[in-house]
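Student: got a structure for you, letters missing:
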């Protein structure tokens, strides 16, 4: 007899009645003087456990639906958890599998606190230990690489004097200019956003492809007094 395909996560209304009662008891117990399960857990943690339990129930519905008639502590066995791990590995990374078994362990401790779940804790711990941690080393991006990127963006905009430009080219040129500028003179975001061409950034009476920052701006960068009228220049051109 055909029917609807079982879901990986069993919806709460389809949980066994005993599971629903236990979960409602945990969720509705907000007495701060009660030492019962779940009373000190954050809502986010409870939601994580809820997701872990409904995922396990969904698995049971697929491989052994008659087991839903059992008491929760009888249903959660080493053999079923082993098969559950194999099932999860079909579509999850090893680290994701460990996270989901961790959620199942938390749910078991919360819903059925009177049982010994040390064996499930050991499984969860071994899964985390076996999961590859991944490469935490990231490539170093140098200031010159950022300058080159900024210059490339400005070159791609193909802006010419006395010729109209598109909004896309103007934005690309602006972004490239700011990347190249900040790569050489790091500014706080608020200070960078407040820069104004002609007031803080000038290129008058200095070589082409050279920008000068006024002394007021450089004061903010180096936090010391700047000589009045002294314009500090930086080059926004490849090769400098």
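Tutor: Good, I have the coordinates. Source: prediction; values computed, not measured.

Student: show me how the record splits the protein into domains.
Tutor: 12-130, 143-235 (automatic domain parsing).

Student: so residue 155 versus residue 175, what's the distance?
Tutor: Between residue 155 and residue 175 the distance is 13 Å, computed by Cβ to Cβ, to the nearest Å. For the C-beta atoms, the positions are set from N, CA and C on the backbone; glycine is no exception.

Student: show me where the chain dips below the pLDDT cut-off.
Tutor: Regions of the chain meeting the criterion pLDDT under 70 cover residues 1-6, 29-40, 134-139, 198, 200-240.

Student: what about the longest helix in it?
Tutor: Longest helix in the chain, counting residues (DSSP state H): helix 43-63.

Student: next structured bit after that one?
Tutor: Once helix 43-63 ends, the next helix or strand along the chain (criterion: DSSP states H and E) is helix 72-75.

Student: contacts for stretch 15-24?
Tutor: Residues from elsewhere that reach stretch 15-24 (Cβ atoms under 8 Å, 6 or more residues apart in numbering): 12, 50, 53-54, 57, 68-69, 71-72, 111-112.

Student: so which pair among these is furthest apart in space?
Tutor: Spatial extent of these (Cβ to Cβ) is set by the pair 50 and 69 at 21.3 Å.

Student: related to what we said a few turns ago, closest to residue 193 among the contacts of stretch 15-24?
Tutor: Of all the contacts of stretch 15-24, residue 193 sits closest to residue 50, with 43.0 Å by Cβ to Cβ.

Student: picking that back up, which of the contacts of stretch 15-24 are buried, as a PyMOL select command?
Tutor: The following PyMOL line selects those of those that are buried, judged by 16 or more other Cβ atoms under 10 Å:
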select buried, resi 50+53+54+57+68+72+111
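
Student: tabulate the contacts of stretch 15-24 in TSV, adding columns for distance to residue 191.
Tutor: Converted to TSV, the contacts of stretch 15-24 look like this (distance: Cβ to Cβ, whole Å):
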residue	distance to residue 191
12	52
50	46
53	51
54	50
57	55
68	62
69	67
71	64
72	59
111	54
112	57
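
Student: so residue 180 versus residue 154, what's the distance?
Tutor: Taken as Cβ to Cβ, the span from residue 180 to residue 154 is 7 Å.

Student: same question but for residue 143, I mixed them up
Tutor: Taken as Cβ to Cβ, the span from residue 143 to residue 154 is 17 Å.

Student: before we move on, what about residue 172?
Tutor: With Cβ to Cβ as the criterion, residue 172 and residue 154 are 8 Å apart.
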